[in-house]
Every structure is written in C-alpha cells, then in structure tokens.
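Novice: Any chance you could fold what I've pasted below:
(one chain, ligands or ions: 1)
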Amino acid sequence: MAKAQIAQKSPYVMEVTPGKYAWCACGRSANQPYCDGSHKGSEFSPIIETVETTRKVAWCGCKQSGGAPFCDGSHGRL
Ligand code: FES
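Specialist: Numbering: from 1, shown residues only. Just a heads-up that it's a prediction; the model follows:
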C-alpha cells in the first residue's frame with residue numbers, strides 16, 4: 001500500500017463547529033487538513049468525520065496516525 005504524503009509533521013489544531021468534515025488522507029490537498037479532491041486517481045479517499053459539538057480537535061497533519069483523522073502522536077517518530 002502506498003504511503004500518504006506528509007502534509008506537515010504536526011497536527012492541525014483548530015476549533016470546529018458541528019458538521020461533517022472530510023479529512024484529507026492522501027496528504028496532497030491544498031486545503032489542509034481537509035480534502036480538495038487531489039486524491040483522485042490514487043488509492044486514498046478522505047475520512048468523513050461528523051462533529052456533534054463545537055470543540056477543539058487535532059487533525060493529523062502527517063497522515064500517518066493510527067487514529068486518523070486525529071493525531072495520535074505518530075508524527076513524533078517521523
Ligand atoms: S500529526 Fe499525524 S500523528 Fe500527529
């Protein structure tokens with residue numbers, strides 16, 4: 001399986017409001033941490049995450065997290 005491209009070696013920490021988010025899994029999106037369709041033609045597809053309440057999240061930026069779409073600290077080993 002191909003490895004996702006590293007968008008950045010740290011999470012995107014941001015406050016999000018309730019809604020559906022498409023987290024970029026391939027690392028190629030120009031609209032990080034969200035999908036912009038750049039995965040087309042690859043084996044990757046975005047992870048759709050539903051956020052119920054306004055809260056702070058840490059979206060994985062390195063795309064290697066075992067707990068995607070959220071950061072699990074894996075970026076510390078890159
Ligand atoms: S940014 Fe990917 S695991 Fe932290």
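Novice: Now residue 38: which helix or strand?
Specialist: Residue 38 is part of no helix or strand when elements are defined by DSSP states H and E.
Novice: so what's the nearest residue in space to it that is not next to it in sequence up against?
Specialist: Using Cβ to Cβ, 6 or more residues apart in numbering and skipping the chain neighbours, the partner closest in space to residue 38 is residue 28 (3.9 Å). Every residue, glycine included, has its C-beta placed from N, CA and C. Taking Cβ atoms under 8 Å, 6 or more residues apart in numbering as the contact definition, residue 28 lies against 5, 38-39, 42.
Novice: So which of those residues would count as near the ligand as well?
Specialist: Applying Cβ under 6 Å from any ligand atom, the subset of the contacts of residue 28 adjacent to the ligand is empty.
Novice: could you flag which of these are buried?
Specialist: Among those, those buried by neighbour count (16 or more other Cβ atoms under 10 Å) are 38-39.
Novice: Redo the contacts of residue 28 as CSV? Include pLDDT.
Specialist: Shown next, in CSV, are these (pLDDT from 0 to 100):
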residue, pLDDT
5, 97
38, 98
39, 98
42, 95
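Novice: Need the contacts of residue 28 in JSON lines (columns: distance to residue 76).
Specialist: Listed next are these as JSON lines, based on distance: Cβ to Cβ, whole Å:
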{"residue": "5", "distance to residue 76": "18"}
{"residue": "38", "distance to residue 76": "26"}
{"residue": "39", "distance to residue 76": "25"}
{"residue": "42", "distance to residue 76": "26"}
